[in-house]
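Peer 1: no sequence on this one, just coordinates:
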């Protein structure tokens, strides 16, 4: 199979991280993948776009088929790009979304293209199981881009309430933004909690993500919404138990065997605090549940290690990029088979009509 895997920008970010992993996984199962260059025989290629659908620019070539990978993190598509998203996704012949939750906004929009679920994954060679010393200072990690949607403000608030300063425990809040341009919430949290002796704020270090996971024991994700949650899955792969909000996409691959749920409160906040011009509400994780989850993992480290071990085994068994592309491959082949049958049927009808 030949694939023209496209993306709307090449600057390093989560979009390009997924794109690169998809490319490598497709190649591992035997695909001929074009990325930067335009194929010389486009009619032999499936043109597949990944990223923000409002920026898709479909080629004018008569390609073999058009496929898209897209997600939503709210039920509504933002107002200012809505018409472009709908137009671009309707031009595709098949759409893939990384979770049932991430597909809701697409399924509830006027998009007629069939949508299939292909869970994103982890490269277990890049994020292998890590042996940790569970007798040393227990270290919690919240990483990514601290922001409203990630529930980042809840993490240090819960940590301060859960532990005394002389407890054998620490928290790192890490942003992948450059130190010169961190997120607004990262700056705010650092200003408020940067003086705490057990809380560290780090930004855009030269170390890889796996080196960051290696230094910590527990990953915290008190998100209000996730289209998938790549860092949760990566942390699980390395053997980290996680504290995860019982909402959105992680409900489809995480459970209490791999750490603890952060239960949801009865407070709802507007989506447009994070995604401008987008309607809807997100439910806020419960602070007391997060505090309790931290204390449980701190107190019973043996059980925490067992949860991390189970999480790593689950990811290797069921949640890799190879699983992702094999699912996509199956649906692509079904679509192409149906197209071929329809073509044969149309040709037969045309031949009969011409007699």
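Peer 2: The structure has been received and is ready for your questions. The structure displayed is predicted, hence computed values, not measured ones. Numbers count the residues shown, from 1 in each chain.
Peer 1: C-alpha from now on. contacts and neighbour counts both.
Peer 2: Noted.
Peer 1: could you list the domains of this structure?
Peer 2: 2-121+320-350, 138-318 (automatic domain parsing).
Peer 1: quick one: closest of those domains to residue 129.
Peer 2: Residue 129 lies closest to domain 138-318 among these, at 4.0 Å (Cα to Cα).
Peer 1: what about the closest one, average pLDDT?
Peer 2: Domain 138-318 shows a mean pLDDT of 95 in the predicted model.
Peer 1: ok, stretch 65-80 next?
Peer 2: Computed over stretch 65-80, the average pLDDT equals 93.
Peer 1: now that stretch: how far from the chain's centre is it?
Peer 2: 14 Å (Cα atoms, centre = their mean, to the nearest Å).
Peer 1: check stretch 27-46 too.
Peer 2: That offset, for stretch 27-46, works out to 25 Å (Cα atoms, centre = their mean).
Peer 1: same check on stretch 117-129?
Peer 2: 11 Å.
Peer 1: quote the end-to-end distance of it.
Peer 2: Using Cα to Cα, to the nearest Å, one end of stretch 117-129 lies 27 Å from the other.
Peer 1: if you count neighbours, what's buried in it?
Peer 2: Within stretch 117-129, the residues scored as buried using 16 or more other Cα atoms under 10 Å are 117-124, 127-129.
Peer 1: would you reformat those as CSV and include pLDDT, secondary structure and distance to residue 142?
Peer 2: Converted to CSV, the buried residues of stretch 117-129 look like this (pLDDT from 0 to 100; DSSP: H, G, I helix; E, B strand; the rest coil; distance: Cα to Cα, whole Å):
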residue, pLDDT, secondary structure, distance to residue 142
117, 98, strand, 27
118, 98, coil, 26
119, 98, coil, 23
120, 98, coil, 20
121, 97, coil, 19
122, 98, strand, 18
123, 97, coil, 20
124, 97, coil, 21
127, 97, coil, 17
128, 98, coil, 19
129, 98, coil, 19
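Peer 1: just to revisit the earlier point, what's the most buried one of the domains of the chain?
Peer 2: domain 138-318 (a mean of 19; mean count of other Cα atoms under 10 Å).
Peer 1: the stretch 251-355 of the chain: strands as residue ranges?
Peer 2: For the stretch 251-355 of the chain, the strands defined by DSSP state E, counting those that start in this stretch cover 259-262, 264-270, 281-285.
Peer 1: ok, for residue 108, nearest residue in space, not its chain neighbours?
Peer 2: residue 75 (7.4 Å; Cα to Cα, 6 or more residues apart in numbering).
Peer 1: let me see the contact set for the one you found.
Peer 2: Shown in contact with residue 75 (Cα atoms under 8 Å, 6 or more residues apart in numbering): 104-106, 108, 280.
Peer 1: among those, name the ones in helices.
Peer 2: Residues of the contacts of residue 75 located in helices (DSSP state H): 104-106.
Peer 1: tell me the one of those residues nearest residue 79?
Peer 2: residue 105 (12.8 Å).
Peer 1: what's the helix or strand for the spatially closest residue to that closest one that is not a sequence neighbour?
Peer 2: Leaving out its chain neighbours, the residue that sits closest to residue 105 by Cα to Cα, 6+ apart is residue 75, at 4.2 Å. Per DSSP states H and E, residue 75 falls between elements, in no helix or strand.
Peer 1: appreciated, that's everything.
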